[in-house]
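Visitor: Coordinates for the following, if possible.
(one chain, ligands or ions: 1)
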Amino acid sequence: MRVLIVEDEPELLDYLNRKLEAEGFACDKSADGEDALFLGEEYDYDLAIVDLGLPKLDGIQLINRWRENNRNFPVLILTARGKWQDKVAGLEAGADDYVVKPFQIEEILARANALIRRSAGYASPEMRFENICIDTRAKSVRLDEQSLDLTTYEYNSLEYLASRHGQIVSKTELTEHLYDQDFDRDSNVIEVFIARLRKKLDPQGKLKPITTVRGRGYRFELKPQG
Ligand code: CA
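Guide: You can find the predicted model right below:
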């Protein structure tokens, strides 16, 4: 899942970036509102984390502009303690949730995961598809109740495809959600991940959870349960 982090304090920006990347998110960083506005218009993020006090364009204006332009990814705002007016203004501008500074990183991660899950239409942290269970909180997968050993990219590919089950996801879209801006993207790499993922999810080749739609991309074929 690809996340945009907008924060003008360099140390905090690096800290958030490091912690989110350690959780398997692909992160883009931005230190001012104008740059963030551009990135949010350019890329289809799964989540943006936005500090409200920003140079050039403040966080409230930034969120307002995104929402006016139909950029609908979930937004988590960071607000200074005690500034409840900012919190309200942020939510009214179209943010989805907030965390008060100073924060515990666990709270950011929990809220980030919950927002991404909800925007994909899942209230529960677990997505179940026949014999496959994806735990988006633990970022783990069980096949027939046995834990599967997946790499971060394999897991992220699966979570993204499963959250869009029944829809065709192009290689470009998948790449954009798996890697940050600076990554050297290569669609052959995606093919390798998908091939490995198929083997792990469907060792006998019977269920075919991920199909290739020729020339268009991949589709997760199983239907969610519960
Ligand atoms: Ca700030």
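Visitor: In contact with Lys101, which residues?
Guide: Applying Cβ atoms under 8 Å, 6 or more residues apart in numbering to Lys101 gives the contacts 78-81. Bear in mind the C-beta positions are built from the backbone N, C-alpha and C, glycine included.
Visitor: at 6 Å what do you get?
Guide: Contacts for Lys101 (Cβ atoms under 6 Å, 6 or more residues apart in numbering) come out as 78, 80.
Visitor: Same question for Leu161.
Guide: 169, 220.
Visitor: which element is it on?
Guide: Assigned by DSSP states H and E, Leu161 falls within helix 152-163.
Visitor: Tell me, how many residues neighbour the residue nearest to Gly217 when sequence neighbours are not counted?
Guide: What sits nearest to Gly217 in space, not counting adjacent residues and going by Cβ to Cβ, 6 or more residues apart in numbering, is Ser170, at 3.9 Å. Residues lying near Ser170 (other Cβ atoms under 10 Å) number 15.
Visitor: Repeat that for Arg137.
Guide: If you count neighbours by other Cβ under 10 Å, Arg137 ends up with 13.
Visitor: got a pLDDT number for it?
Guide: pLDDT recorded at Arg137 is 83.
Visitor: Could you do Val50 as well?
Guide: 98.
Visitor: Look up phi and psi at it.
Guide: Per-residue torsions, Val50: phi -130, psi 120 (degrees, to the nearest 10).
Visitor: Burial check on it, number of neighbours?
Guide: 28.
Visitor: repeat for the one 10 residues further on
Guide: Ile60 has 21 neighbours, counted by other Cβ under 10 Å.
Visitor: and what of Lys200?
Guide: Lys200, neighbours per other Cβ under 10 Å, totals 16.
Visitor: wait, isn't Asp28 in contact with Val3?
Guide: No - using Cβ atoms under 6 Å, Asp28 is not in contact with Val3, being 7.4 Å away.
Visitor: Which of those two has more residues huddled nearby?
Guide: Neighbour count, other Cβ under 10 Å: between Asp28 and Val3, Val3 has more, with 25 against 22.
Visitor: which other residues reach the helix or strand hosting that one?
Guide: Here Val3 sits within strand 2-6, counting by DSSP H and E. Identification of contacts with strand 2-6 by Cβ under 6 Å, 6+ apart yields 16-17, 20, 25-30, 36, 39, 45-50, 177.
Visitor: neighbours around the closest residue to the ion within the chain, how many?
Guide: Here the chain gets closest to the ion at one residue, Gly53, 3.6 Å apart by Cβ to the ion. Gly53 has 17 neighbours, counted by other Cβ under 10 Å.
Visitor: does it count as helix, strand or coil?
Guide: Recorded secondary structure, Gly53: coil (DSSP: H, G, I helix; E, B strand; the rest coil).
Visitor: Make residue 1 into 29 and carry on from there
Guide: In the new numbering, first residue 29, that becomes Gly81.
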